[in-house]
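I need the structure of the sequence given here:
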Amino acid sequence: MKRLLIGVGCLALSLVLAGAASALSYDQNITAIFGSGNSDSLWTVDRANNIELGLRAKIPFVGTTNSNGDGTYSYNSAEILAGPNDVWNFEWSVNTNYDGSTSQVIADLCYLLEVDYDPGVGTNFVSYDVITPNLAPYFIPY
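Prediction:
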């Protein structure tokens, strides 16, 4: 039985840009630059105004990325239950000049990662800045 762990609807990497209109693309390649052994494939991506945002789920150290092709990722219980804790992770990516047409850098923009920790009808987000070091989270629910 598959267990859905993460979906773009549950995790939103939000970038506030005036006038940015875009659509999600699934199972995309990005330029992954966060260590060796990390694949650049199977990302859910949003590209607008020369900015690329990526999000995906995977099993760390094994590298299994089970994309459903619609922005969600599923894993068998045997894949994720390796001990007392579930073994899965999500990864995010920001590229401020993905097509090479501007000179924007990471520090030129503001970033916010929001996780809806309550699967009910309402939204209960934990929000924090994923780029700026030493900034306290906006809200911690516990």
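
this protein: strands as residue ranges?
Using DSSP state E, the strands assigned to the chain run over residues 2-7, 11-15, 24-28, 43-48, 51-58, 72-76, 89-95, 111-116, 125-128.

so of these, which one's packed in deepest?
strand 51-58 (a mean of 23; mean count of other CB atoms under 10 Å). Glycine gets a C-beta too; all of them are placed from N, C-alpha and C.

and stretch 65-79, how far apart are its ends?
11 Å (CA to CA, to the nearest Å).

give the rounded mean pLDDT of that stretch.
Mean pLDDT, stretch 65-79: 87.

gap between that stretch and the chain center?
Centroid displacement of stretch 65-79 relative to its chain, using CA atoms, centre = their mean, to the nearest Å, is 14 Å.

any idea which residue sits dead centre in this structure?
By CA atoms, centre = their mean, the chain has its centre lying nearest to Leu55, at 2.6 Å.

relative to Val121, how far out is that one?
Applying CB to CB, to the nearest Å, the value for Leu55 to Val121 is 23 Å.

distance to Thr64 for the strands of the chain - can I get that in JSON lines?
Converted to JSON lines, the strands of the chain look like this (distance: least, CB to CB, whole Å):
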{"stretch": "strand 2-7", "distance to Thr64": "12"}
{"stretch": "strand 11-15", "distance to Thr64": "18"}
{"stretch": "strand 24-28", "distance to Thr64": "15"}
{"stretch": "strand 43-48", "distance to Thr64": "15"}
{"stretch": "strand 51-58", "distance to Thr64": "6"}
{"stretch": "strand 72-76", "distance to Thr64": "7"}
{"stretch": "strand 89-95", "distance to Thr64": "11"}
{"stretch": "strand 111-116", "distance to Thr64": "22"}
{"stretch": "strand 125-128", "distance to Thr64": "26"}
